[in-house]
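1. Return a 3D structure for these sequence lines:
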Amino acid sequence: MTQDTAQDIASFGDSTLQGYLDQLAAKVPAPGGGAVAALHAAQGAALVAMVARYTTRAKDAEHRPAVDRIITAADSARARALELADADAEAFTAVGNAYKLPKDTEEEQAARTEAITAALLGAARVPADVVAVADEIISLAAELLPIGNPNVVTDIGAAADCARAAAATSQLNIAINVASLGAGAGSEFEPVLTQIDELTARADAVHDDVVAAINK
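-> Numbers count the residues shown, from 1 in each chain. Here you go, the predicted structure:
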């Protein structure tokens, strides 16, 4: 985070909703879309965990091992997503600091270029990690749907939608950082960018399955 941001929000996990939204709306470099993507993922994970916890009735006993595993995995995904929200703000600040480095001599120019490249790669890796979390959330939502408490089935769809938003927004953040790199420098992100299309299709399928379950 920037110094001004860090004074108000030490961690997204510790901030109030109002404090976060005030900072998001403010004319400050961070938080921005990257943090929003990570928090989309955190909300999706929380929704999966909530539905799973509502699927612990006596009638759900045969599914309890799977439900317990889903709860543990979703809680872990939520924690990772919150960490990534903080990491995104830090990575964005690192990029800004790299661009501020002196460039008066050839040595300074070379050092600045190297620092910018490293910072941009770091800034792209955070949303790539968010995509991995979103992928897991969609898998958990799809697994939970057939066995989840039908009274909260719409929240499974909402979880998939949150994960889809996390992935789609991360796609933008990866792309903007990779576009600023030299040719070939962003090749490590090609598999992630390709994965996002498949991931969003899976999220849409969960959404459609939830709609179908509502309309039975």
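2. Could I get the full set of helices for the chain?
-> When assigned using DSSP state H, the helices of the chain occupy the ranges 3-8, 17-25, 33-53, 64-99, 106-144, 153-179, 190-214.
3. Including mean neighbour count and mean pLDDT, could those helices go into JSON lines?
-> Where you see a C-beta, it was placed from the backbone N, CA and C, and this is true even at glycine. Shown next, in JSON lines, are the helices of the chain (neighbours: other C-beta atoms under 10 Å; pLDDT from 0 to 100):
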{"stretch": "helix 3-8", "mean neighbour count": "13", "mean pLDDT": "41"}
{"stretch": "helix 17-25", "mean neighbour count": "13", "mean pLDDT": "93"}
{"stretch": "helix 33-53", "mean neighbour count": "26", "mean pLDDT": "97"}
{"stretch": "helix 64-99", "mean neighbour count": "20", "mean pLDDT": "96"}
{"stretch": "helix 106-144", "mean neighbour count": "21", "mean pLDDT": "96"}
{"stretch": "helix 153-179", "mean neighbour count": "23", "mean pLDDT": "96"}
{"stretch": "helix 190-214", "mean neighbour count": "16", "mean pLDDT": "96"}
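4. and the most centrally placed residue in the chain, what is it in contact with?
-> In the chain, the residue lying closest to the centroid (C-alpha atoms, centre = their mean) is Ala38, at 2.9 Å. Contacts for Ala38 were tallied using C-beta atoms under 8 Å, 6 or more residues apart in numbering; they are 12, 81-82, 84-85, 88, 126, 130, 133, 166.
5. Try it again at 6 Å.
-> 81, 84-85, 88, 130 (C-beta atoms under 6 Å, 6 or more residues apart in numbering).
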